[in-house]
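> could you work out the structure for the sequence below:
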Amino acid sequence: MPYDEQSLLEKCHPAFGFKLIIILRQLRAAGWQPIIWELIRTPEQQAGKLKQGRSKTLKSWHVPSTEGFLPADHSSIYVVHGNAADIVDKRYAYQGPAANTNFQFWKDLGRIAKQQGCTWGGDWKSFKDVAHIQLLFIESPASTHAFA
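Residues are numbered from 1 along each chain as shown. Alright, predicted model coming up:
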């Protein structure tokens, strides 16, 4: 199946898609050949990743139905959504030099993603996921419904 980047970008939140475009362009300008390895997962696919040990949570931002909650004040919360993508260099994916978490591509991906306001999985302490980037967003006012 051919790689269709535009089709993938249309499946994520527009704010994340915009950042992905910038990240991919900057990686290409640095001489890499980045591709979006994985973007959207079903809850069942995420459960499979957890079972395989390739994820540590069922509440992944790869799954569009995932929600999080942040306190807004003592009586209300924000509902948080997010998107995630796994990006690799198409020449290597996770093999050869890319099997090393210190591979320069991973460092460049992390640096560029963080410049765009994304979280990079390579910074995680307990489970380094160097291909993973994510962006969280709040699209509605704080709600008190969770406290009712």
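> for the longest helix anywhere in the chain, buried residues please.
Criterion DSSP state H: the longest helix present in the chain is helix 14-29. Within helix 14-29, the residues that qualify as buried by neighbour count (16 or more other C-beta atoms under 10 Å) are 16-17, 19-20, 23-24, 26-27. Where you see a C-beta, it was placed from the backbone N, CA and C, and this is true even at glycine.
> once you drop chain neighbours, what's closest to A47?
Leaving aside its chain neighbours, A47 sits nearest to L58 (6.3 Å; criterion: C-beta to C-beta, 6 or more residues apart in numbering).
> was I right to think the one you found contacts E44?
No: using C-beta atoms under 8 Å, L58 makes no contact with E44, being 10.4 Å away.
> may I have the secondary structure class of the residue nearest to A47?
Classification of L58 by DSSP: H, G, I helix; E, B strand; the rest coil places it in coil.
> any idea how far it is from F69?
Between L58 and F69 the computed distance is 16 Å (C-beta to C-beta, to the nearest Å).
> kindly report the same for R28.
37 Å.
> go on, P141?
Taken as C-beta to C-beta, the span from P141 to F69 is 14 Å.
> center of this structure - which residue?
Centroid-nearest residue in the chain, with C-alpha atoms, centre = their mean: A84, separated by 2.2 Å.
> state the helix or strand in which that residue lies.
strand 76-89 (DSSP states H and E).
> quick check: buried residues in the helix or strand that that strand is followed by?
Using DSSP H and E, the next helix or strand after strand 76-89 towards the C-terminus is helix 104-115. Of all the residues in helix 104-115, those buried under the rule 16+ other C-beta under 10 Å are 105-106, 108-110, 112-113.
> could you give the mean pLDDT of the following helix or strand past helix 104-115?
Going down the chain from helix 104-115, the next helix or strand is strand 119-120, by DSSP H and E. Averaged over strand 119-120, pLDDT sits at 98.
> ok, strand 119-120: who's next to it in the sheet?
strand 132-137 (antiparallel) (DSSP bridges).
> give me the contacts around the partner strand.
Strand 132-137 is touched from outside by 13, 15-16, 19, 23, 61, 68, 80-87, 109, 113, 117-122, with contacts defined as C-beta atoms under 8 Å, 6 or more residues apart in numbering.
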